[in-house]
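**Student:** Compute the structure for the input listed below.
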Amino acid sequence: MPLSRFHALRTYLNKVVLGQPVLTENLLIALIANGHLLVEGPPGLAKTRAVKALCDGVEGDFHRIQFTPDLLPADLTGTDIYRSQTGTFEFEAGPIFHNLILADEINRAPAKVQSALLEAMAEGQVTVGKNSYKLPPLFLVMATQNPLENEGTYPLPEAQLDRFLMHLNLDYPSGDTEIEILRQSRKEALTHELPTTEPIAQADIFAARDEAMEIYLAEPLEKYIVEIIMATRQPIRYSDDLAKWLEYGVSPRATISLERCARARAWLHQRDFVSPEDIQAVAPNVLRHRLLLSYQAQAEGVSRDQVINHILTQVAVP
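**Tutor:** The predicted model follows:
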């Protein structure tokens, strides 16, 4: 049964990655909803460790790519190599041809490299020359950004940010959790052992995706999702504050992402129907990177999260 396997995987992730339950749950939501994550947070918050642990818990291979200003698209996708023995060119696959990818500090690479990654995320393929090559059926990217440094970075344009299913903001763990981290680190240094779990087969992951898509979503909740989206596009209908805070609303891709993430969360919580709570829980992560705030909102110090919370209070819950 895929659900019990996913619960075991969540328990395993929370053992390996202490103090980041939001990250571990949303990794699973992204895996079930077949989408990609953009994670923003200070260094040292176990972002790499979380993706490696996820890879250990599923049947697949993992690769970490450090994005740097001198990175080229071919360093990501691969390139055609001339074989002198045969006198022909042969495609040599790059590191993108793995199941789980950590794109570390994605905003440090120039736009051409970012666009190569985003084609892979959106189309499930890469294009080299005149040929396109399919990526593995199980393909998940977790890209990270460091909010503390902006020098020498290439910020992702809004249209490219829209390709990510969710955008997570991580914060430092509590003092009690920090003590647990110290003890866990000391134990691992002494024993050289990490917690282990039986990997979930890729067939079970695809089965979980099918089950999540079959979860019942009532028509009033479909309209609720659309109303949340419409509040970003026609804010004057809902609030004068929204009208002055929002420059542009979100795309239909946000509507699809909000529904799929709500379904995945309901499935993880052992329900065969989507509730308003599911929609409200995933809405900030789905909408955060897609909203374009006005200059007035920025001048007033209004954050995207504040705007999203305001939308959820203004849109009536069915």
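
**Student:** so where do the strands sit in the stretch 51-200 of the chain?
**Tutor:** For the stretch 51-200 of the chain, the strands identified by DSSP state E, counting those that start in this stretch occupy 62-66, 78-83, 88-93, 100-104, 125-128, 131-134, 140-145, 166-169, in order along the chain.

**Student:** Distance from the chain centre to the first one, please.
**Tutor:** This points to strand 62-66. For strand 62-66, the distance between its averaged C-alpha position and the chain's averaged C-alpha position is 15 Å (CA atoms, centre = their mean, to the nearest Å).

**Student:** Just name whatever secondary elements that strand is in contact with.
**Tutor:** In terms of contact count using 3 or more CB pairs under 8 Å, 6 or more residues apart in numbering; DSSP states H and E, strand 62-66 is assigned the packing partners helix 47-57, strand 100-104. Every C-beta, even on glycine, is put in place using the N, C-alpha and C of the backbone.

**Student:** Redo these as TSV? Include mean pLDDT, distance to residue 281 and mean neighbour count.
**Tutor:** Below are the helices and strands packed on strand 62-66 laid out as TSV (pLDDT from 0 to 100; distance: least, CB to CB, whole Å; neighbours: other CB atoms under 10 Å):
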stretch	mean pLDDT	distance to residue 281	mean neighbour count
helix 47-57	85	19	21
strand 100-104	89	24	24
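
**Student:** Next, format these as a markdown table and append distance to residue 236.
**Tutor:** As requested, the helices and strands packed on strand 62-66 are exported to a markdown table (distance: least, CB to CB, whole Å):
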| stretch | distance to residue 236 |
| --- | --- |
| helix 47-57 | 39 |
| strand 100-104 | 38 |
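
**Student:** Relative to residue 119, which of the ones you listed is closest?
**Tutor:** Closest approach to residue 119 among those (CB to CB): strand 100-104, 13.2 Å.

**Student:** relative to strand 62-66, how tilted is that closest one?
**Tutor:** Using axes from the mean of the first three to the mean of the last three CA atoms, to 10 degrees, the interaxial angle of strand 100-104 with respect to strand 62-66 works out to 20 degrees.

**Student:** quick one on the thing from earlier: between the helices and strands packed on strand 62-66, which gets nearest to residue 124?
**Tutor:** Distances from residue 124 to each of the helices and strands packed on strand 62-66 were compared using CB to CB; the shortest belongs to strand 100-104, at 12.6 Å.

**Student:** Report the distance from that closest one to the chain centre.
**Tutor:** Averaged over its C-alpha atoms, strand 100-104 has a centre that lies 11 Å from its chain's centre (CA atoms, centre = their mean).

**Student:** follow-up on the earlier one: any chance of the strands of the stretch 51-200 of the chain in a markdown table, plus distance to residue 298?
**Tutor:** Formatted as a markdown table, these follow (distance: least, CB to CB, whole Å):
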| stretch | distance to residue 298 |
| --- | --- |
| strand 62-66 | 31 |
| strand 78-83 | 41 |
| strand 88-93 | 43 |
| strand 100-104 | 27 |
| strand 125-128 | 36 |
| strand 131-134 | 40 |
| strand 140-145 | 19 |
| strand 166-169 | 17 |
